[in-house]
Structure formats: C-alpha cells, structure tokens
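Engineer: How does the following fold in three dimensions:
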Amino acid sequence: MKKTLLLVAAAVALVACSKEDTLVQQAPEAIGFDNAFVENSTRSVNDPSLTASTLNDFTVYGYVESAVLFPGTVVNKTIDNKDLSSAWKYAGTQYWVAGAKYNFAAIAPNKGWSNVTTAVADDKASISTNFAFVNDGETDLLYDEVENKVGLVEQNTAVGFDFRHILSKVKFSFLNGYNVESAKIDVTNVKIENAYTNANVALTNTATTWSDWANATLELDFGFASDNEATTDDKEGVAVTYAYGATYESLNELFLIPGAVPSVTIQENGADVTKVGYKVTFDVNLYINNVKVNAAAYHHVAYVNFTPVAGYAYDIKTTINASNIDPNHAQEPIEFTVNTVGNWTEGTVNM
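Structural biologist: As a prediction, this is how the structure comes out:
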C-alpha cells in the first residue's frame, strides 16, 4: 500500500508541474464509481446472469498516467437506508487531478478468478487473469474498461462501466414429439459432465481471448425440464410432465468457459473411442393417461459438439419421440389386423 501511495504522489507532483496553469486551488473531488450494465431478459426459471440489480461488487484496476492507482480495489454496492438509494463505495478514497489521464479496468463479481496481471499499453488498460469456475458454473463473469478519462478541475463524473459477459451461457430445451394424445413425458437429471474448470483469458476493451483450457471434469447440473411459467417452489422438488407439442426448458442455466470443445474417451465394443463434444446425459419417462409405463427411466448419453463464444447464450434443443425415447431401440407402433371372420352358425328357434 505504501508503494502505491508513493507512486500516486509522484504522478500528482509531475502533473502539477506540467499542468499548473490549468489548476485552480480548491478541495479535490473524490473518484467515484458507477455501473451502467444493461439488464438482459430471460425465459428460464433460474438464470444466474448478473444484471444491474443483482451485481453487488466488482474489482477495479486503475492508473493515473503510468502510476498504479487502484491495484485491485473492491467496490461494493451500499444502500442508503434513508432514501433506499444505492451507491458504490470502496476503501481508501482516491481523488481526481485536473489534467491527468486515467485508465480503469474492472472485473465482476469479486470472485471466480485469480493471478491477475495488469499493464498500460498505448494509453489503454489491459488485464489478463486465470479464471477458475466456482459454484459449479453458477457464477457469471463480466469485464469492462474505461480509457483515457481526463481529470477535471470540478464536476468530475463517476466512472461508469458497461460490463460485458466473458463466459458462455447454456440451457436445454426438450420438445415432446411423442404424438399420442394421452402420452406425456418428463425429462430429469440433465447434466453436462465434462465442462472445463480452468483457462487463461486475456481481456481488452474490444476482445476476449481464452486459452490453455484444463480439467474438463466439471459436472454441471441443469435439473429437469420445467414449465418456466410456474414458480420455482413448485418445480424444484418434482419432475414435470408435459404433453405432445409442448417444449419445456431446463430448470437451470449455467456457464461454460468459451473457446474450446472437450473430448471424452470411452469403450465401445472393446476398443477406445474418442467422442468430441460436451457429454450430455438426461433421463426420460413416458406416461400414458398419467401413469408411468416404463419400468426404469430411459437414460440418454449424447455428445454436443459446438464451440462456445464469449457473451453468447445457447439453447440446446432436443425432440423426444417414439423413435428415440428409448436409446436402445425405437418403439414400434401398436397395430391391429383382422385375420379371419368366422362363418355364421345357423340356429333354430321354435315358436
């Protein structure tokens, strides 16, 4: 902390000497932070995406000229109990210097990443960080920069961040294509079993570059196919059955590290076979007139080969019908035929 303060003091002294004709002696203004992150709409029951209303903290790295000003300072949302207005506060208040150039970079929230290095190149702040998933893929990750902001003599505005998502978000949708009026299905235990836990990311104001993906061992639990119009209290504890033509979505949306596709080596017919893609598993049950007719759930394993892009939300869609509800064989339709019609037997009735 002392080293940082010395660097700031040196920068202030240099600016004062070179810009003293623009300075006016008065009380300095504190550097304040704000965020202008735009909320995203969602159709899912449980969407963990951070929004302006749910974001409670972020970490700031900042420079004044070439001196470190914010070495990774946590900024927290606070509530004024008098008028219930929110404000962003941090410890160790810093002040604007008129004529000095400032660069800021911010990561939100204040968890899920480590080993941050920062630098100023071409008058722009940049960040690189090693990111490790926390909470089984439930933590969103945001980034933004504010470049070349010049301190004013007075009426300096708060530093506002327009955060962008630097992960990818995934959910699943299941269409009931079992074309029988009395048939319903439920889909449970939807999972991705081989998501990446670690990767490096280099961030600038215009680019997100992931690399060095490792440990494709993270299991993501999406729950079951849920009626998103219903309350989560109704749907978190019970499976949901739905009729032909209806599409239900996974209860949860979760996050993936973008930029790479994992692979899995499995045994097939006594030989090692490499499957490229995210390993997706789920269970399906079939109901006829609301009575479950399959003795054990149909367990499905599939490999979804796609490369997630930072900032994209993906809806992985599947249609369940008679040809694929049982992964071992297609169901055959029940058919009827007439083999013979017996001859009439004559009978006599006496009156």
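Engineer: What are the buried residues along stretch 120-139?
Structural biologist: The neighbour-count check on stretch 120-139 (16 or more other C-beta atoms under 10 Å) flags 120, 124-129, 131-133, 137-139 as buried. Backbone N, C-alpha and C define where each C-beta goes, glycine included.
Engineer: One more: stretch 57-69?
Structural biologist: Buried residues in stretch 57-69 (16+ other C-beta under 10 Å): 58-65, 67-69.
Engineer: cool, and stretch 175-191?
Structural biologist: 175-178, 183-191.
Engineer: From the chain's centroid, how far away is it?
Structural biologist: 26 Å (C-alpha atoms, centre = their mean, to the nearest Å).
Engineer: what pairs with Lys275 across the strands?
Structural biologist: Beta bridges link Lys275 to Val264 when assigned by DSSP bridges.
Engineer: mind checking pLDDT for it?
Structural biologist: Here, the pLDDT recorded for Lys275 equals 90.
Engineer: Show the contacting residues for it.
Structural biologist: 263-266, 303 (C-beta atoms under 8 Å, 6 or more residues apart in numbering).
Engineer: quick one: which two of the buried residues of stretch 175-191 are the most distant?
Structural biologist: The span of the buried residues of stretch 175-191, defined through C-beta to C-beta, is set by Ala183 and Lys191 at 24.9 Å.
Engineer: Distance-wise, check the closest residue to Asp47 other than its chain neighbours relative to Phe306.
Structural biologist: Spatial nearest neighbour of Asp47, excluding adjacent residues (C-beta to C-beta, 6 or more residues apart in numbering): Glu253 at 5.0 Å. To Phe306, Glu253 is 16 Å away according to C-beta to C-beta, to the nearest Å.
Engineer: More neighbours: these two, which one.
Structural biologist: Glu253 (25 against 13; other C-beta atoms under 10 Å).
Engineer: Asn46 is in contact with the more buried one, correct?
Structural biologist: Yes. Applying C-beta atoms under 8 Å as the test, Glu253 and Asn46 come out as touching, 6.7 Å apart.
Engineer: Any idea how far stretch 129-142 is from the middle of the chain?
Structural biologist: Distance, stretch centre to chain centre, for stretch 129-142: 9 Å (C-alpha atoms, centre = their mean).
Engineer: What's the end-to-end length of it?
Structural biologist: End-to-end distance for stretch 129-142, by C-alpha to C-alpha, to the nearest Å: 12 Å.
Engineer: I'd like to check what contacts that stretch. Which residues are they?
Structural biologist: 37, 48-50, 55, 58, 106-109, 111-117, 163-167, 169, 195-201, 203, 218-221, 254-257.
Engineer: among these, which are in strands?
Structural biologist: 58, 106-108, 113-117, 164-165, 169, 195, 198-201, 203, 218-221, 254-256 (DSSP state E).
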